[in-house]
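Undergrad: Fold the following for me, if possible:
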Amino acid sequence: MLPLLSRIALRPATASLKPWRSPRAGVALSCRALGTHPRKETMEPLNTGPGARDFIYSLHPSERSCLLRELHRFESIAIAQEKLEVEPPSSEQLRYVFFHNAFPFIGFGFLDNAIMIAAGTQIELSIGIVLGISTMAAAALGNLVSDLAGLGLAGYVEALCSRLGLSIPDLTPKQADMWQTRLSAHLGKAIGVTIGCLLGMFPLLFLSGDEEEAKLDKTN
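TA: Predicted structure coming up:
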């Protein structure tokens, strides 16, 4: 990094400027820092947005590419060696993780229960009467139909959630592996599938005892 800054400070555009001698260090310094700012102009530090932006704009394309490559390399090494101090996810991030996992499972639970009840009822009233299978066997076959339908509908549920703006939370790898994030994700899935299954019981509102009486009459 230091050689890169040295090259920037000693560009040909600033070579004609008179050097300024520091009374303490006793070395000649350029009157123009980074080749862009006059000596009397106040400069923003690099740990601020404007300062970092001005520094990036002052670089040549090759220098920006080199700096970006070295920054990626540094971050990769730091993460691999676990030398970065990562803060736990904030409450807003945990809430986003919760809803990101809850909404898809609401759809999964809703479709699973609704299809199972509808398919199980139809199987019981048709195949169940012919073959004489029990109600539990019809429910198991209805669950089979629901699982098969879920294989094809899962992608549509995820696509719908993505259109609603539920993208992947912006977390670092270490933050995603923390217990707070895992707990929030599991709670979202559990509560989401519970709500979805309860909503998926709505076909029971359209079923009456007439079907059971018709089945008993046919079996007798």
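
Undergrad: ok, which stretches of this protein are helices?
TA: For the chain, helices defined by DSSP state H occupy the ranges 2-9, 49-57, 61-80, 91-125, 127-131, 135-163, 173-176, 179-199, 210-219.

Undergrad: Could I get those helices in TSV, plus columns for mean pLDDT and mean neighbour count?
TA: To be clear about C-beta, it is placed using only N, CA and C from the backbone, and glycine gets the same treatment. Output for the helices of the chain, formatted as TSV (pLDDT from 0 to 100; neighbours: other Cβ atoms under 10 Å):
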stretch	mean pLDDT	mean neighbour count
helix 2-9	44	12
helix 49-57	82	12
helix 61-80	79	11
helix 91-125	91	20
helix 127-131	80	14
helix 135-163	87	14
helix 173-176	77	14
helix 179-199	94	17
helix 210-219	56	11
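
Undergrad: In terms of residue numbering, what are the domains of the chain?
TA: Using automatic domain parsing, the domain parsing of the chain gives 2-80, 91-219.

Undergrad: need the contact list for the residue lying closest to residue 194 once chain neighbours are set aside.
TA: In this structure, residue 194 finds its nearest non-sequential neighbour in residue 109, 7.0 Å apart by Cβ to Cβ, 6 or more residues apart in numbering. By Cβ atoms under 8 Å, 6 or more residues apart in numbering, the contact set of residue 109 is 192-200.

Undergrad: gap between residue 109 and residue 89?
TA: The gap separating residue 109 from residue 89 is 26 Å, by Cβ to Cβ, to the nearest Å.

Undergrad: on that earlier part again, farthest pair in the contacts of residue 109?
TA: 192 and 200 (12.1 Å; Cβ to Cβ).

Undergrad: For stretch 160-173, measure first residue to last.
TA: 26 Å (Cα to Cα, to the nearest Å).

Undergrad: got a list of contacts for it?
TA: 79, 86, 89, 93, 96-97, 99-100, 103-104, 107, 176, 181.

Undergrad: I'd like these written out as a markdown table, with distance to residue 63 added.
TA: Output for these, formatted as a markdown table (distance: Cβ to Cβ, whole Å):
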| residue | distance to residue 63 |
| --- | --- |
| 79 | 25 |
| 86 | 29 |
| 89 | 35 |
| 93 | 34 |
| 96 | 37 |
| 97 | 38 |
| 99 | 42 |
| 100 | 39 |
| 103 | 45 |
| 104 | 44 |
| 107 | 49 |
| 176 | 33 |
| 181 | 37 |
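
Undergrad: List just the nearest of those residues to residue 47.
TA: Each of these was scored against residue 47 by Cβ to Cβ, and residue 86 proved nearest at 18.4 Å.

Undergrad: neighbours around the closest one, how many?
TA: Here the number of neighbours of residue 86 (other Cβ atoms under 10 Å) works out to 14.
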